[in-house]
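Colleague: Provide a 3D model corresponding to the input given below.
(2 chains)
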Amino acid sequence: MSALLTISGLTKSFGGLRVTDDLSLSIEECTTHAVIGPNGAGKTTLISQLSGQLRPDAGQIIYADEDITRLDMAGRVHRGLARSFQITTLLPGFSALENVALAVQARRGSSFRFFRAARAEKALNDAALACLEEVGLAAQANRLASELSHGEKRQLELAVALATGPRLLLLDEPLAGTGHDEAEALIALLGRLKSRLTLVLIEHDMAAVFALADQVSVLVNGRLIASGPPARVRSDPAVRAAYLGEEEADPCCASRV
Amino acid sequence: MSIAKGAAPLVILGLTLLPPLASAAGDPFLTVIATRMVIFALAALSLDLILGFGAMVSFGHAAYLGIGAYAVAVLGGMGVTDLGLQMLAAALAATLFALPTGAISLRTRGVYFIMITLAFGQMAYFVFVSFSALGGDDGMALKGYSTLLGLPVLASGTGLFYVSLALLTLALIGLDRITRSRFGRVLRGCRENSLRMQAVGFRPFPFQLTAYVVAAAICSVAGVLLANQALFVSPAYMSWQRSGELIVMVVLGGAGNLIGAVLGALAIVGLEEGLARFSHHWRLGFGLILVLVALYSPGGITGMIRRILPAGRPG
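Modeller: All right, here's what the predicted structure looks like:
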């Protein structure tokens, strides 16, 4: 099977700081690939480059046999490459249902329609509700996004990403800030998604990473120091020294870095 | 939304009754003021589409008032007095100016957008100031009123008032539908969070530019009416102070709320005329009222009504 996403020589600097350093990686279709690393390792910057929010300084991104390095965010979403955000990025004044319905609207028909009330479009609402049901948020469909709890916002963030009809989903810390029960529910949801989608997962919750990932890549200072099946990465001495071991050796340091 | 639904027919109905009330009160000047209110309500309404629903604070919107007014002068000078044709020409001219200037302005955000629209507005202003064939700085008097189907409907104060009110009502209904449509939902979404909209696959630019052009075209119709009311056009119609007034109307009424823009325009024109009767220093009182609204009622007039009435909230 050929790779769905291939990154080669990806480089990005902010001023003098190299956040992505000659990164090469390939991701097979229908696998879950976790990217881990200490804070500041450049994980979110990587996702931002993959999603089209940031332009890399050098390197190439090939998705489904197409060079998408210069393609904008909307273009990538239309090709099935969607993302979720670490810092919840929703439309606060829209209901949960409308947040999702807009994502459905983006891929169904033209949005240059000026007269019919969009909120009453059953086809859009039904599809949106199905996504809300999938993440377990159907009961909150008519509440404003700004009124949802943090955990519910994380669920909504996922529902919106799913509504774009992705083939590859970039998940930037989907569990960030959630409580234990919320995290359990989200992990179960990701477990269900993993069978039909390709997932790239950034996550600090190691239990979640090792439960979900088929492949794990470790990023330190913008560089890939290891990549492979979870068991092999876990026992990799360089990884233990650079990242995993830190938590045992010096927990306060690991959370600060 | 519930406010807009209930308030809009009430406001329009109230305005409909103004001319008979004015003649009953024996003060025909009240109809002149009411007409001015309605015309500025139309202009403010068009600005609300981009400012309130699209978060595009244009500081050059009065340019389209001027473009509409000059369309009447130019076409009238050529003997074309039909109101329909003049409105069409005004809207076309506004579109021609809004398309390139909007496209350039939309490359910027926030305070830069305000500055660049101000710059384009001033450019339009100075073009007409230096246009001696059109009276230059002094402006020019019109030869006569526009005609409706060959009839001099606009020559009477009441006729002009009801034509203006009809156009305001049409714009209110049209914009209400547009802002609720798929297009309007994308526009509102981009106002709330542009990054989120891009991440679900929208490119904000074509939506924002379309809204910018539609707003310009509607505002130019207000300009056509304004020229008819004064029988005079001058670059003063497109001064930056006028653009500022339009912004104040929208914000005072409650941005992102169509009936709010109408109420804001009614309030500002009403205050101008009312306070001017009391004192030459009316702008002082005007400023005080604006400060009070900004401090105590962030949602403007509609926000105030919403807090007083236990009405349902949008959602």
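Colleague: contacts and neighbour counts: CA atoms only from here.
Modeller: Will do.
Colleague: For residue A:117, which residues are in contact?
Modeller: With contacts defined as CA atoms under 8 Å, 6 or more residues apart in numbering or on different chains, the neighbours of residue A:117 are B:177, B:180-182.
Colleague: Could you count how many residues lie near the residue in chain A that chain B sits nearest to?
Modeller: Taking CA to the nearest CA, chain B has its nearest neighbour within chain A at residue A:74, 3.9 Å off. Counted with other CA atoms under 10 Å in any protein chain shown, the neighbours of residue A:74 add up to 23.
Colleague: Per-residue pLDDT of the nearest residue to it once chain neighbours are set aside, please?
Modeller: In space, residue A:74 comes closest to residue B:201 once its chain neighbours are excluded; the distance is 3.9 Å by CA to CA, 6 or more residues apart in numbering or on different chains. In the prediction, the pLDDT value recorded for residue B:201 is 95.
Colleague: May I have the secondary structure class of residue B:201?
Modeller: Per DSSP: H, G, I helix; E, B strand; the rest coil, the local secondary structure of residue B:201 is coil.
Colleague: measure it to residue A:120 for me?
Modeller: 21 Å (CA to CA, to the nearest Å).
Colleague: which of these two has more neighbours?
Modeller: residue B:201 (27 against 11).
Colleague: Quick check: which element contains residue A:25?
Modeller: Element membership for residue A:25, per DSSP states H and E: strand A:17-28.
Colleague: coming back round to it: can you read off the backbone torsions of the residue nearest to residue A:74?
Modeller: Summarising the backbone geometry of residue B:201 under the convention degrees, to the nearest 10, its torsions are phi 110, psi 20.
Colleague: gap between it and residue B:190?
Modeller: Between residue B:201 and residue B:190 the computed distance is 12 Å (CA to CA).
Colleague: Next, residue A:12: secondary structure please.
Modeller: Three-state call for residue A:12 (three-state DSSP): strand.
Colleague: Could you report the neighbour count for it?
Modeller: Other residues close to residue A:12 by other CA under 10 Å number 24.
Colleague: can you list the residues of chain A near chain B?
Modeller: Chain A has residues A:73-78, A:82-83, A:89-95, A:102-103, A:105-107, A:111-119, A:142-144, A:160-161, A:164 near chain B, with proximity defined as CA under 8 Å from any CA of the partner chain.
Colleague: mind checking the SS state of the most centrally placed residue in chain A?
Modeller: Within chain A, one residue has its C-alpha closest to the average C-alpha position: by CA atoms, centre = their mean, that is residue A:171, at 1.4 Å. Judged by three-state DSSP, the three-state class of residue A:171 is strand.
Colleague: Geometric centre of chain B: which residue is closest?
Modeller: Residue closest to chain B centre, computed by CA atoms, centre = their mean, is residue B:43 at 1.0 Å.
Colleague: CA atoms of the helix or strand where that one lies as CSV?
Modeller: Secondary structure here is read from DSSP H and E; on that basis residue B:43 sits in helix B:29-51. The C-alpha trace of helix B:29-51 is given here as CSV (Å, rounded to 0.1, in the frame of the first residue of the first chain):
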residue,chain,number,x,y,z
PHE,B,29,-41.1,70.1,7.5
LEU,B,30,-41.6,67.0,9.6
THR,B,31,-42.1,65.0,6.3
VAL,B,32,-38.8,66.4,5.1
ILE,B,33,-37.1,65.2,8.2
ALA,B,34,-38.8,61.8,8.0
THR,B,35,-37.6,61.4,4.4
ARG,B,36,-34.1,62.2,5.5
MET,B,37,-34.4,59.6,8.2
VAL,B,38,-35.6,56.9,5.8
ILE,B,39,-32.9,57.7,3.2
PHE,B,40,-30.1,57.5,5.9
ALA,B,41,-31.8,54.3,7.2
LEU,B,42,-31.3,52.7,3.8
ALA,B,43,-27.6,53.8,3.7
ALA,B,44,-27.0,52.6,7.3
LEU,B,45,-28.8,49.3,6.5
SER,B,46,-26.4,48.7,3.6
LEU,B,47,-23.4,49.4,5.8
ASP,B,48,-24.7,47.0,8.4
LEU,B,49,-24.5,44.2,5.9
ILE,B,50,-20.7,44.5,5.8
LEU,B,51,-20.0,46.1,9.2
